[in-house]
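Engineer: Mind looking at a prediction? Sequence and model below.
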Amino acid sequence: MLELNLPTCQLKFADEGGRVTVWDQVRMKYVAFTPEENVRQHFVSYLISAKGYPATHLMNEVSLNLNGLSRRCDTVAYDRQLTPKVIVEYKAPTVQITKQVFEQISRYNLVLKVDYLIVSNGIRHYCVKMDYENGTYSFMTDMPSYPEL
């Protein structure tokens with residue numbers, strides 16, 4: 001796998017019938033270890049250890065209904081009142097971050113209306129702060145820490 005532009009973290013692996021799985025500390029279960037999952041596990045670890053997000057306020061694979069279709073956000077961060085504040089969309093390191101990726105996360109935000117949208121392929125990370133009052137958004141140079149939510 002490609003080296004990620006994220007702090008290293010200790011991942012816990014298991015073999016389930018010849019399939020490599022990794023422990024997801026948010027979902028509290030082993031899940032298939034894919035390149036995208038590798039990005040998710042490193043990014044979640046970064047949010048917890050470097051940005052102060054409580055693991056109890058993160059959810060992976062959050063289901064939502066978008067125009068009658070079932071969709072899933074990769075990770076959603078909630079504030080202390082359990083209001084969604086951040087959506088994170090992950091891609092494998094070999095996948096380019098394109099306009100289509102931002103359109104995907106923006107569609108999810110039609111339902112959740114969070115303050116921050118983050119897209120990462122583990123190598124490149126983008127964070128957008130929404131300004132609903134003015135109908136605009138701005139790219140940030142860093143991810144918000146939990147107290148900033």
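Structural biologist: Received, thanks.
Engineer: Doesn't K51 lie inside a strand?
Structural biologist: No: K51 sits outside any strand when classified using DSSP: H, G, I helix; E, B strand; the rest coil, being coil.
Engineer: What is the neighbour count of the nearest residue to R107 once chain neighbours are set aside?
Structural biologist: Leaving aside its sequence neighbours, R107 sits nearest to L66 (Cβ to Cβ, 6 or more residues apart in numbering; 5.9 Å). (Glycine included, C-beta is placed from N, CA and C.) By other Cβ atoms under 10 Å, 11 other residues sit near L66.
Engineer: Just grab the bridge partners of L66 for me.
Structural biologist: Beta-bridge pairing of L66, defined through DSSP bridges, involves L69.
Engineer: from memory it sits against I105, does it?
Structural biologist: No: the pair formed by L66 and I105 falls short of the contact definition of Cβ atoms under 8 Å, at 11.7 Å.
Engineer: Report the contact partners of the residue nearest to R107.
Structural biologist: 107-108, 110-111 (Cβ atoms under 8 Å, 6 or more residues apart in numbering).
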